[in-house]
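**Student:** no sequence on hand, only this structure:
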Ligand SMILES: NC(=O)C1=CN([C@@H]2O[C@H](COP(=O)(O)OP(=O)(O)OC[C@H]3O[C@@H](n4cnc5c(N)ncnc54)[C@H](OP(=O)(O)O)[C@@H]3O)[C@@H](O)[C@H]2O)[C@@H](O)CC1
Ligand SMILES: Nc1ncnc2c1ncn2[C@@H]1O[C@H](COP(=O)(O)OP(=O)(O)O)[C@@H](O)[C@H]1O
Ligand SMILES: [K+]
């Protein structure tokens, strides 16, 4: 099994770089490998002899560009370098790389990017320190306006490597070659949308060096959690596979709970029961077959049901209503120390009361699944949780604050555990943005926890499986389809 793919921040990457140099690999060697990897990609993107313009910045990203330019010119391409600033002011390895370039140099104001077959963007990489303005901004705008294919070196210039935010302006690339590991900006929005496919080139930084500097941020893929996936053995029976309880809303708000319940059953929870308010029993009963049904009158009803220890995982929130009763049900669930997924109304009911959630979930595995709007409402009084520009950092802080696994939904869902582990999901599809999709996600995660997955692994696996199901279906997806798509995804995973 492959190890989980690490994502390194620019700061961590710089430490890996320094450690590699300290253990005997000259920085210039790293730069040469980086530049050659860029040249290899450029060669695949350009017809022989094609015109390639390399926009080279003042730092090491520019140095990579000079190495690539030199390699491509030697291969017979028609290459020119467009420097940002004076080449004779470059320093260190970048200056060394630039000194190897004896070809055409074109000042920015004379560069005809629209005539290029390929533009290589080697302006700024992980060292971008502030918003682009002045000559840097003009050059980025000039390249973008030309509309020619751009190959980005490390990352599209103008992206903040850590947050994926745009620092003033950014170049839109059709492909990106990065080095040693992907950076957060390659997966987080909006950055991801500017990168095109991202290729990771091995430039000789050892995996153990990457692990040593890693802040435990991963790409969410099966490599991260496949080993935890349950597989029933010959002797197992349904109670070995857990019993998930899903709380339903009132008579006109029951669909969300059923979406979650059916998903929990499909993902493998041995039994699933809907806890329904008395007035909604009829409508729930009319729609349920394999999912069981119990009357449950608010917090007291929940307390009585949870006296049965076999209910080992619980979903609270979808369509439950935003009020004190919902908060009381959360309190009952926390007290009962069951695996818990809280979404939607169970989160919004704590608007302005989030200090009640401080360390509230330390005792039992809990996953909170807000989208950005719910996250902002939930933590409105906590600038320390809301202000960090990095989605990864915000999610991590909220996880540490609540003691729960935090799953911050979106096209770039981030999952973080209170211990700092975090993952970014990338296999989703915009078609998942459909009513009830989040309810289904809750059911999948609870169903995995019912089968014994730890909260972080359940949240990561649930997110990936939910996204894989949606992406495999594509246009026309509605939430009712998702549960039925789970067996196919599971079959592939368990093969
Ligand atoms: N890590 C590795 O393992 C390896 C990394 N490699 C490569 O190194 C790259 C990182 O290089 P880097 O650190 O020199 O930073 P880089 O992105 O070139 O930018 C710094 C320059 O830009 C300037 N500058 C910054 N912001 C600006 C602004 N808004 N507007 C204008 N100027 C601005 C800044 O100037 P200053 O802030 O000092 O005034 C400085 O001159 C990395 O992305 C990868 O491509 C490979 O060679 C192989 C191994
Ligand atoms: N553009 C997108 N790309 C990938 N996933 C998406 C996108 N938009 C929404 N999703 C996913 O769809 C789900 C929507 O959940 P949510 O907003 O809670 O929906 P609902 O409240 O209708 O159930 C989340 O898992 C989210 O990550
Ligand atoms: K770049």
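**Tutor:** Thanks, I have the structure now. From a predicted model like this one, the values you see are computed outputs, not experimental measurements. Numbers count the residues shown, from 1 in each chain. Ligands and ions are numbered 1, 2, ... in the order given.
**Student:** need the pLDDT of the closest residue to residue 161 other than its chain neighbours.
**Tutor:** Sequence neighbours aside, residue 10 is the residue nearest to residue 161 in space, at 4.0 Å (criterion: C-beta to C-beta, 6 or more residues apart in numbering). Using the backbone N, CA and C atoms, a C-beta is placed for each residue, glycine as well. The per-residue pLDDT reported for residue 10 equals 98.
**Student:** show me what from this protein comes close to ligand 1.
**Tutor:** 13-14, 17, 30-31, 34, 57-64, 124-132, 136, 153-154, 179, 203 (C-beta under 6 Å from any ligand atom).
**Student:** how close does the residue of the chain found nearest ligand 2 sit to residue 4?
**Tutor:** Nearest residue of the chain to ligand 2 (C-beta to the nearest ligand atom) works out as residue 438 at 2.1 Å. Taking C-beta to C-beta, to the nearest Å as the measure, residue 438 falls 25 Å from residue 4.
**Student:** these two: which is more packed in?
**Tutor:** Taking other C-beta atoms under 10 Å, residue 438 and residue 4 do not tie; residue 438 has more neighbours (25 against 19).
**Student:** which residues sit in contact with that one?
**Tutor:** Neighbour list for residue 438: 318, 343-344, 369, 371, 409 [criterion: C-beta atoms under 8 Å, 6 or more residues apart in numbering].
**Student:** how about the secondary structure of it?
**Tutor:** Following DSSP: H, G, I helix; E, B strand; the rest coil, residue 438 is assigned to helix.
**Student:** so residue 96 touches residue 28, yeah?
**Tutor:** Yes. Counting by C-beta atoms under 8 Å, residue 96 does reach residue 28; the two are 5.6 Å apart.
**Student:** and the residues of the chain next to ligand 1, which are buried?
**Tutor:** Neighbour-count burial (16 or more other C-beta atoms under 10 Å) is assigned, among the residues of the chain next to ligand 1, to 13, 17, 30-31, 34, 57-64, 124-126, 128, 132, 136, 153-154, 179, 203.
**Student:** ok, back up a step: same for ligand 2: which of the contacts of residue 438 are within range?
**Tutor:** Near ligand 2, judged by C-beta under 6 Å from any ligand atom, the entries from the contacts of residue 438 are 371, 409.
**Student:** using JSON lines, lay out the contacts of residue 438 together with neighbour count and pLDDT.
**Tutor:** Compiled in JSON lines, the contacts of residue 438 are given as follows (neighbours: other C-beta atoms under 10 Å; pLDDT from 0 to 100):
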{"residue": "318", "neighbour count": "31", "pLDDT": "96"}
{"residue": "343", "neighbour count": "30", "pLDDT": "97"}
{"residue": "344", "neighbour count": "25", "pLDDT": "95"}
{"residue": "369", "neighbour count": "31", "pLDDT": "98"}
{"residue": "371", "neighbour count": "17", "pLDDT": "97"}
{"residue": "409", "neighbour count": "25", "pLDDT": "98"}
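**Student:** buried sites along the helix or strand where residue 41 lies?
**Tutor:** Per DSSP states H and E, residue 41 falls inside helix 27-45. Neighbour-count burial for helix 27-45, counted by 16+ other C-beta under 10 Å, picks out 27-28, 30-43, 45.
**Student:** one more: stretch 199-216?
**Tutor:** For stretch 199-216, by 16+ other C-beta under 10 Å, it's 199, 201, 203, 205, 209-210, 213-214, 216.
**Student:** got a list of contacts for it?
**Tutor:** 3, 6, 8-9, 12-13, 15-17, 19-20, 23, 25, 29-30, 33-34, 37-38, 41, 175-182, 420-422.
**Student:** average model confidence for stretch 479-488?
**Tutor:** On average, stretch 479-488 scores 98.
**Student:** quick check, that stretch touching ligand 2?
**Tutor:** No. On the criterion C-beta under 6 Å from any ligand atom, stretch 479-488 is out of touch with ligand 2, staying 6.9 Å away.
**Student:** phi, psi for residue 200 please.
**Tutor:** Dihedral pair for residue 200: phi -100, psi 120, per degrees, to the nearest 10.
**Student:** about what we covered before: hmm, who's touching the helix holding residue 41?
**Tutor:** 17, 20-21, 52, 60, 63-68, 70-72, 75, 77, 92-94, 96-97, 118, 120, 122, 149, 151, 153-154, 174-175, 177, 179, 199, 201-205.
**Student:** so which residues on the stretch 301-450 of the chain come close to ligand 2?
**Tutor:** Looking at ligand 2, the residues of the stretch 301-450 of the chain close enough under C-beta under 6 Å from any ligand atom are 371, 409-411, 413, 428-430, 432-433, 435-439, 441.
**Student:** nearest to residue 453, of those?
**Tutor:** Nearest to residue 453 among these: residue 441, at 14.4 Å, using C-beta to C-beta.
**Student:** ok, for the closest one, nearest residue in space, not its chain neighbours?
**Tutor:** residue 466 (4.8 Å).
**Student:** and if you look at residue 337?
**Tutor:** Closest residue to residue 337 apart from its sequence neighbours, by C-beta to C-beta, 6+ apart: residue 364 at 4.1 Å.
**Student:** pretty sure residue 158 contacts residue 143?
**Tutor:** No. At 10.3 Å, residue 158 does not count as touching residue 143 under the criterion of C-beta under 8 Å.
**Student:** now for these two: what residues contact both?
**Tutor:** Shared contacts of residue 158 and residue 143, counting by C-beta under 8 Å, 6+ apart, come down to residue 171.
**Student:** all strands for the stretch 201-350 of the chain, in order.
**Tutor:** 217-219, 243-247, 271-276, 292-295, 311-316, 339-342 (DSSP state E, counting those that start in this stretch).
**Student:** out of the ones you listed, nearest to residue 462?
**Tutor:** Closest to residue 462 of the strands of the stretch 201-350 of the chain, according to C-beta to C-beta: strand 339-342, at 8.8 Å.
**Student:** what residues does the closest one touch?
**Tutor:** With C-beta under 8 Å, 6+ apart, strand 339-342 has contacts from 312-317, 330, 333-334, 361, 364-369, 404, 442, 445-446, 449-450, 455, 458.
**Student:** which residues of this structure lie near ligand 3?
**Tutor:** Taking C-beta under 5 Å from the ion, the part of the chain that reaches ligand 3 is made up of 121, 152-153, 157.
**Student:** what's the closest of those residues to residue 296?
**Tutor:** So of those, ranked by how close each gets to residue 296 (C-beta to C-beta), first place is residue 152, at 54.2 Å.
**Student:** in a strand, the closest one, correct?
**Tutor:** Yes. Membership of residue 152 in a strand is supported by three-state DSSP.
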